[in-house]
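>>> Okay, here's the prediction I keep looking at, along with the sequence it came from:
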Amino acid sequence: MDFNYNLTTDLSLIGHAVQGDPASWEVFFQKYGSVLRGWCLKWGASPQDADDLVQEILIRVFQKLDHYEPKDGSRFRGWLKTVAYHCWLNIRQKFLRHHELDAPGGLPENLKTQLASSLACNDLISVFESMADQEILNLAMSRVKERVNESSWNCFASFYQGHVSGADIAGRLQMESSAVFMAVSRVRKLIREEVAVIDSNDRI
């Protein structure tokens, strides 16, 4: 997993959504709406259709999150990919009905790379997988933040969010540079370990 430490967003958005926090919807929409809109436009939707599809997809995901329960042998990432597939099936059904076609094999050549295609499906699943990776990482950071002292977290946050040099962090926090790098390294290691635990136990 490529880490993208985005400390400006809700660190446990999916966790809040699973717990039924209504305020998380707006953050959820703002965070992923543009990503999904880009997918819609990429695969041939008009801007107006893309707006409708994004709303539909995110509502479907959000509603399913409210009923999400980990099962033995399952993972959140795999569950979300299944949700993505069913979202695409619904989109495909509407697309084919609009074009009055019975199956993907009947699509004209110029439409085979659009929303109803298997390529679009695989691409949407990849988008959802990236969403799952980021949310697992965000939740891991949230948990680690609660476990480490404030100084260590501030070192990590300044280094990754503020892109502040170790020397400058040391000056601000009145620490040795070596202590700053040790703190950043320790927090990063704990986050990696927490990501592995969440991903293996599927406990979001």
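Yes, it's here.
>>> Can you show me the helices along this structure?
With DSSP state H as the criterion, the chain has helices at 13-18, 24-42, 47-65, 76-99, 118-147, 150-160, 166-173, 177-201.
>>> Out of these, which is the most enclosed?
Highest mean neighbour count among the helices of the chain (mean count of other Cβ atoms under 10 Å): helix 13-18, with a mean of 22. No exception for glycine: its C-beta is placed from N, CA and C like everyone else's.
>>> that older thread, columns mean pLDDT on top of the helices of the chain, output as TSV?
Formatted as TSV, these follow (pLDDT from 0 to 100):
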stretch	mean pLDDT
helix 13-18	58
helix 24-42	83
helix 47-65	84
helix 76-99	80
helix 118-147	87
helix 150-160	89
helix 166-173	86
helix 177-201	88
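>>> can you list the domains in this protein?
13-139, 148-204 (automatic domain parsing).
>>> Please report how far residue 48 lies from residue 155.
From residue 48 across to residue 155, the span is 47 Å (Cβ to Cβ, to the nearest Å).
>>> Name all residues that make contact with the spatially most central residue of the chain.
The centroid of the chain falls nearest to residue 131 when counting by Cα atoms, centre = their mean (2.0 Å). Residues in contact with residue 131 (Cβ atoms under 8 Å, 6 or more residues apart in numbering) are 32, 35, 80.
>>> Mind doing that once more with 7 Å?
By Cβ atoms under 7 Å, 6 or more residues apart in numbering, residue 131 lies in contact with 32, 80.
>>> burial measure for residue 149, as a count.
Residues near residue 149, counting by other Cβ atoms under 10 Å, number 9.
>>> Need phi/psi at it.
Dihedral pair for residue 149: phi -70, psi 160, per degrees, to the nearest 10.
>>> what's near enough to touch it?
Taking Cβ under 7 Å, 6+ apart, we find residue 149 in contact with no residue.
>>> oh, and call the first residue 27 from now on, that's how I've got it
In the new count, where the first residue is 27, that last one comes out as residue 175.
>>> any idea how far it lies from residue 201?
Where residue 201 is concerned, residue 175 sits at a distance of 12 Å (Cβ to Cβ).
>>> Can you tell me how far residue 62 is from residue 194?
38 Å.
>>> Next: residue 56.
Between residue 56 and residue 194 the computed distance is 31 Å (Cβ to Cβ).
>>> likewise residue 161?
31 Å.
>>> Need the nearest residue in space to residue 216, chain neighbours excluded.
Residue nearest to residue 216 in three dimensions, not counting chain neighbours: residue 170, with 4.7 Å by Cβ to Cβ, 6 or more residues apart in numbering.
>>> tell me the contacts of that neighbour?
Applying Cβ under 7 Å, 6+ apart to residue 170 gives the contacts 213, 216, 217, 220.
>>> want to try JSON lines for those, with distance to residue 187 as columns?
Shown next, in JSON lines, are those (distance: Cβ to Cβ, whole Å):
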{"residue": "213", "distance to residue 187": "12"}
{"residue": "216", "distance to residue 187": "17"}
{"residue": "217", "distance to residue 187": "14"}
{"residue": "220", "distance to residue 187": "18"}
